[in-house]
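In: when you get a sec, could you give me coordinates for this:
(chains A, B, C and D)
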2 protein chains.
Amino acid sequence: MSTPTLLPITDAAACCAPLTRETLTARKADDLARSLKALADPTRLRLISIVAASEGAEACACDLTEPVGLSQPTVSHHLKVLVDAGFLSRTQRGTWAYFKLVPGSLDAVSRLLTSA
Amino acid sequence: MSTPTLLPITDAAACCAPLTRETLTARKADDLARSLKALADPTRLRLISIVAASEGAEACACDLTEPVGLSQPTVSHHLKVLVDAGFLSRTQRGTWAYFKLVPGSLDAVSRLLTSA
DNA sequence: TCCCTATATCGATGAATGTCAATATCCAGT
DNA sequence: ACTGGATATTGACATTCATCGATATAGGGA
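Out: Numbers count the residues shown, from 1 in each chain, chains lettered A, B, ... in the order given. Below you'll find the predicted structure:
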């Protein structure tokens, strides 16, 4: 609950035409910018990529720290950003936290950027 | 020439599979993140949107300051960021500067995010 | 040449962000 | 209950960024 203002990407994408079709309202531009900000970090892109390429598009947090070469708190922070933005979901299994790619979340953003 | 390290989005998109197919290298994650950062601002999204919706996907800078409600230097700065990132192109005609959407630049980013 | 207008650049400032070390929390096994 | 391991939170710090006012540059008339 530390970032209560974040909306899942689905909310921003459910409504509207791609941004090249008609001019964005300030509100919708804000929502889309928030989603893009969550993606606009090399570490977070790699985390998504690793999770997506794993079995069942799901990976344990314990397997994510080493490949990105950053500290455990930093990786935990990035994962939280991605969960808050709606790109990953989190499941606790015992001591371990598993992160799964939310189906369609990337496509929702993608659709907003496409002109066709 | 003030931001010489920026690559046009086309360079990042020309090469590779969507990020859900295989894990991103650090280098490619960096390139994509740079492109997404250029998009991840509400004002810049609105500027792109306005330009794209104009006649011939082109608009005069003089018509862009008022709709976004920010100062002229700030709008000029945002336009420069978008040009450097390869999303807009700039043409000088007399005293006026015209900005045009670079065809395919948004789709290039979009393709990288799509899983299908 | 001298203004006027359009745009870009500079310098400063406050806010947001990525990172880490230290610490807290939570769960499983003994 | 205690211990150990996995993850999250906190606090601090340096960097980046969005924004503005002031200024510079450049082009088109008169």
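In: so A:A85 touches A:L36, yeah?
Out: No. Between A:A85 and A:L36 there is no contact under C-beta atoms under 8 Å: 9.4 Å. Any C-beta I mention is one placed from the backbone N, CA and C, and that applies to glycine too.
In: neighbour count winner among these two?
Out: Set A:A85 next to A:L36 and count neighbours by other C-beta atoms under 10 Å in any protein chain shown: A:L36 wins out with 27 against 24.
In: and the more buried one, what element?
Out: Taking DSSP states H and E as the definition, A:L36 sits inside helix A:26-39.
In: right, and A:R111 touches A:P18 too?
Out: Yes. A:R111 lies in contact with A:P18 (C-beta under 8 Å); the separation is 6.7 Å.
In: which of the two has more neighbours?
Out: Counted by other C-beta under 10 Å, A:R111 and A:P18 do not tie: A:P18 has more neighbours, with 19 against 16.
In: ok, the more buried one to B:A53 distance?
Out: Distance of A:P18 to B:A53, given as C-beta to C-beta, to the nearest Å: 11 Å.
In: again with A:K80
Out: Counting by C-beta to C-beta - A:K80 and B:A53 are separated by 36 Å.
In: helix, strand or coil for the residue of chain A most remote from its centre?
Out: Distance to the chain centre peaks in chain A at A:E22, reaching 25.3 Å (criterion: C-alpha atoms, centre = their mean). The three-state label given to A:E22 by DSSP: H, G, I helix; E, B strand; the rest coil is coil.
In: wait, doesn't it sit right on B:R46?
Out: No. Applying C-beta under 8 Å as the test, A:E22 and B:R46 come out as separate, 11.4 Å apart.
In: great, nothing more from me.
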